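Trainee: Give me the fold of what follows.
(one chain, ligands or ions: 2)
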Amino acid sequence: MVVGDASGAGPQPLLSVRRLKVFHGKFEAVHGVDMDVGEGEIVSIIGANGAGKSSLMKAIIGQVDRVEGDIRFDGQSLAGRATADIVAGGIALIPEGRRLFPSLSVEENLALGWEVGRKGEITLDDVFELFPILRERRRQKARELSGGQQQMVAVGRAMLSNPRLLLCDEISLGLAPTIINDIYKVIPSIRERGIGIIVVDQDIGRSLAVADRFYCMLEGDFSLTGRPRETDRDTVMKHYFGL
Ligand SMILES: Nc1ncnc2c1ncn2[C@@H]1O[C@H](COP(=O)(O)OP(=O)(O)OP(=O)(O)O)[C@@H](O)[C@H]1O
Ligand SMILES: [Mg+2]
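Mentor: Ligands and ions are numbered 1, 2, ... in the order given. Coordinates of the predicted model:
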């Protein structure tokens, strides 16, 4: 179901997904979905546990066994391209669970983003401006940081790969509300750079509040899509749980 005016990514979206199926071995986790993300657009994907949100993120960045359908980035097909190549082309994933290197320092973890990414204008200083605490902690090992600070490193590492599209998979999971606020506060400034952003979050309220458009995922399909301000909580919850 579509609520309101769901178009918005423009005639040539940054990311365009068509009839996408995602497989883990023989298991089909995503059943043929269409999705667009425009430059500087924030798109939220909500859905219950196991709905297929992470499968969709991993498919975009080339980390699943097999896909069917079409994923286009800036008009170019991503079919058959390796993750390293996709990242160097301008898509970054902040993975569920952060995946930092615990024994490397903050600075070393951040540098990895720079090494694997697209060459562009975002520097270490820009990241330290977004998250000043990381400048103070830059020589500490990642494992010595709090969960919130580790998540800031994960965001910073993705930013340093100079993405044009940023995929955020559960960036607030397990963090205290004040820390989550600190992390969400940087999202509009990332968008101002023209970067398209996909936000996957358990916190539906927060995720919809930051988004221009949203897709609600139910058992591998989109059950509802539109603009958060053109729908209401009851409609969203109905499609979230498939009632
Ligand atoms: N590597 C895998 N091998 C087999 N099945 C998988 C694999 N990864 C995910 N799945 C299955 O695919 C379905 C979708 O999982 P996915 O992780 O994409 O959901 P999700 O919406 O991200 O859930 P969550 O909110 O728990 O993170 C689930 O049924 C899950 O068990
Ligand atoms: Mg997930």
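
Trainee: nearest residue to Gly62 other than its sequence neighbours?
Mentor: Thr83 (4.3 Å; C-beta to C-beta, 6 or more residues apart in numbering). For glycine as for every other residue, the C-beta is placed from the backbone atoms N, C-alpha and C.

Trainee: wait, doesn't that neighbour sit right on Ala59?
Mentor: No: with contact defined as C-beta atoms under 8 Å, Thr83 does not reach Ala59; the gap is 11.0 Å.

Trainee: more neighbours, those two?
Mentor: Between Thr83 and Ala59, counting by other C-beta atoms under 10 Å, Ala59 is the more crowded of the two (25 against 14).

Trainee: State the three-state secondary structure for the more buried one.
Mentor: Three-state call for Ala59 (DSSP: H, G, I helix; E, B strand; the rest coil): helix.

Trainee: Strands along this protein, start to end?
Mentor: For the chain, the strands defined by DSSP state E occupy 2-3, 15-24, 27-37, 42-47, 66-73, 76-77, 91-94, 165-169, 196-200, 213-218, 221-226.

Trainee: partners of the third one, with directions?
Mentor: Put plainly, it is strand 27-37. For strand 27-37, sheet partners with direction are given as strand 15-24 (antiparallel), following DSSP bridges.

Trainee: Would you indicate which residues of the strand it pairs with are buried?
Mentor: Residues 15-17, 20-23 are the ones in strand 15-24 that count as buried (16 or more other C-beta atoms under 10 Å).

Trainee: What does the pLDDT read for the spatially most central residue of the chain?
Mentor: What sits nearest the mean C-alpha location of the chain, by C-alpha atoms, centre = their mean, is Leu167, with 1.9 Å. What the model reports for Leu167 is a pLDDT of 97.

Trainee: and it, what are its bridge partners?
Mentor: Bridge pairing for Leu167 - DSSP bridges - gives Leu93, Ile198.
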